[in-house]
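Asker: Got a predicted structure plus its sequence, pasted below:
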Amino acid sequence: MARRTRQLMAMVPVLGLAVMAASGCATPVNQGSGGSNIPLVQSGKLVTCTHLSYKPFQFSEGDKTVGFDVDLVDLIAKDLGVTQQIFDTPFETITSGTSFNANQCDLAAAGMTITDERKQAIDFSDPYFNAEQALLVKKGSNLKSLADLKGKKLGVQQDTTGEKYANDNAAANGYTVVQFEDLPLSETAVRTGAVDAVINDNGVLYDYAKEFPDTEVTTEFKTDEKYGIGVKKGNTALLNKINEVLKKAKSDGTYDTIYEKWFGKKPTSK
């Protein structure tokens with residue numbers, strides 16, 4: 001998700017699903033076949049920071065968190081000989097590095113675009129998903145470009161690259177930007193008429209339009225975004241392991257299988 005880092009003035013309260021150890025200290029956990037130790041915040045767990053919901057990358061299904069990102073991180077956890085645990089937290093606590101500095105999680109998988117700004121706060125894995133910005137509207141609205149939105153309302157999710165793209169082009173196209181806290185709220189606003197359109201990553205908007213056929217994606221904006229898995233600055237041991245697992249998954253077909261499971265087709269690029 002192409003979410004932009006927001007500077008935090010104070011520690012954000014813990015909102016996660018996971019219950020962390022009071023000490024917040026990392027516990028060395030055997031890496032598995034590699035034989036070396038990779039420090040994890042909880043013994044026997046690989047804790048993943050994310051911001052729900054961002055379907056189909058991570059979302060709740062019953063009492064479980066599932067999705068494309070979740071399945072990829074499960075591969076990393078399996079290689080380490082541990083199980084994945086989800087920690088739901090505001091997105092800005094991930095991109096600012098706050099969650100890592102507080103030892104709330106080991107890595108972050110949240111449909112997160114790699115940007116130079118975010119690289120100042122956290123380290124990223126090799127890219128694992130390509131994305132563009134896209135426009136979601138009510139079906140039949142005939143809104144197919146930003147220029148078509150003159151005098152209308154364009155919804156955005158806060159702290160995203162979609163929000164930045166919308167703000168950067170607002171003056172030239174004459175629309176009003178309306179900010180929402182999360183993706184589902186912005187998508188629902190299109191259906192209720194609270195906004196005329198929403199801009200966000202293409203993967204999540206196509207998924208929504210498939211579920212709610214009274215909406216449609218009418219255009220994409222070529223932004224050439226790439227998602228990465230985030231880790232604490234300097235955590236090279238875990239970062240190397242993530243890249244190793246991702247590379248293997250792409251070469252042995254596992255990545256393609258997971259991709260097809262969530263997007264209904266094979267990836268055109270990796």
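Answerer: Structure's in. What do you need?

Asker: Only C-alpha atoms from now on, for both contacts and neighbour counts.
Answerer: OK.

Asker: which residues does D69 contact?
Answerer: With contact set as CA atoms under 8 Å, 6 or more residues apart in numbering, D69 has these partners: 57-58, 109-111.

Asker: which element follows the helix or strand that contains it toward the C-terminus?
Answerer: According to DSSP states H and E, D69 maps onto helix 68-80. Next helix or strand after helix 68-80 toward the C-terminus (DSSP H and E): strand 83-88.

Asker: could you say what helices and strands that next one packs with?
Answerer: When contacts are defined as 3 or more CA pairs under 8 Å, 6 or more residues apart in numbering; DSSP states H and E, strand 83-88 packs onto strand 45-50, helix 68-80.

Asker: Just the CA trace of it, in CSV.
Answerer: Below are the C-alpha coordinates for strand 83-88, written out as CSV (Å, rounded to 0.1, in the frame of the first residue of the first chain):
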residue,chain,number,x,y,z
THR,A,83,4.9,-19.6,13.3
GLN,A,84,3.7,-16.3,12.1
GLN,A,85,1.8,-14.0,14.5
ILE,A,86,-0.1,-10.9,13.2
PHE,A,87,0.2,-7.5,15.0
ASP,A,88,-2.3,-5.0,13.7
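
Asker: Parallel or antiparallel, list what pairs with that strand.
Answerer: strand 45-50 (parallel) (DSSP bridges).

Asker: contact partners of the helix or strand just after the partner strand?
Answerer: For strand 45-50, the succeeding helix or strand toward the C-terminus, using DSSP H and E, is strand 59-61. With contacts defined as CA under 8 Å, 6+ apart, strand 59-61 is touched by 52-53, 65-67.

Asker: angle of the helix holding D69 against strand 83-88?
Answerer: Interaxial angle of helix 68-80 relative to strand 83-88 (axes from the mean of the first three to the mean of the last three CA atoms, to 10 degrees): 140 degrees.

Asker: Let's see helix 68-80 as CSV, backbone CA atoms only.
Answerer: What follows is helix 68-80, C-alpha atoms only, in CSV (Å, rounded to 0.1, in the frame of the first residue of the first chain):
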residue,chain,number,x,y,z
PHE,A,68,-1.3,-12.8,-0.1
ASP,A,69,1.2,-11.1,2.2
VAL,A,70,0.3,-13.5,5.0
ASP,A,71,1.0,-16.5,2.8
LEU,A,72,4.4,-15.2,1.8
VAL,A,73,5.5,-14.5,5.4
ASP,A,74,4.3,-17.9,6.3
LEU,A,75,7.1,-19.2,4.0
ILE,A,76,9.7,-17.2,6.0
ALA,A,77,8.3,-18.4,9.3
LYS,A,78,8.4,-22.0,8.1
ASP,A,79,12.0,-21.6,7.1
LEU,A,80,12.9,-20.3,10.5
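
Asker: now the strands: where do they sit in the stretch 101-250 of the chain?
Answerer: Taking DSSP state E, counting those that start in this stretch, the strands of the stretch 101-250 of the chain run over residues 107-108, 122-124, 129-138, 153-157, 176-180, 197-201, 215-227, 230-232.

Asker: Which other helices and strands does the first one contact?
Answerer: On a contact count with 3+ CA pairs under 8 Å, 6+ apart, strand 107-108 meets strand 45-50, strand 230-232.

Asker: With the third one instead?
Answerer: The elements that strand 129-138 packs onto, with contact taken as 3+ CA pairs under 8 Å, 6+ apart, are helix 183-192, strand 197-201, helix 202-211, strand 215-227.

Asker: and what of the longest one?
Answerer: Under the contact criterion of 3+ CA pairs under 8 Å, 6+ apart, the helices and strands touching strand 215-227 comprise strand 129-138, helix 202-211.

Asker: Distance from the chain centre to the first one, please.
Answerer: By that I understand strand 129-138. 14 Å (CA atoms, centre = their mean, to the nearest Å).

Asker: what's the angle between that strand and helix 202-211?
Answerer: 40 degrees.

Asker: Check K265 and give its pLDDT.
Answerer: Looking at K265, its pLDDT reads 89.

Asker: That one and T257 touch, don't they?
Answerer: No. Using CA atoms under 8 Å, K265 makes no contact with T257, being 9.1 Å away.

Asker: more neighbours, those two?
Answerer: Just comparing K265 and T257: by other CA atoms under 10 Å the higher neighbour count belongs to T257, 16 against 12.
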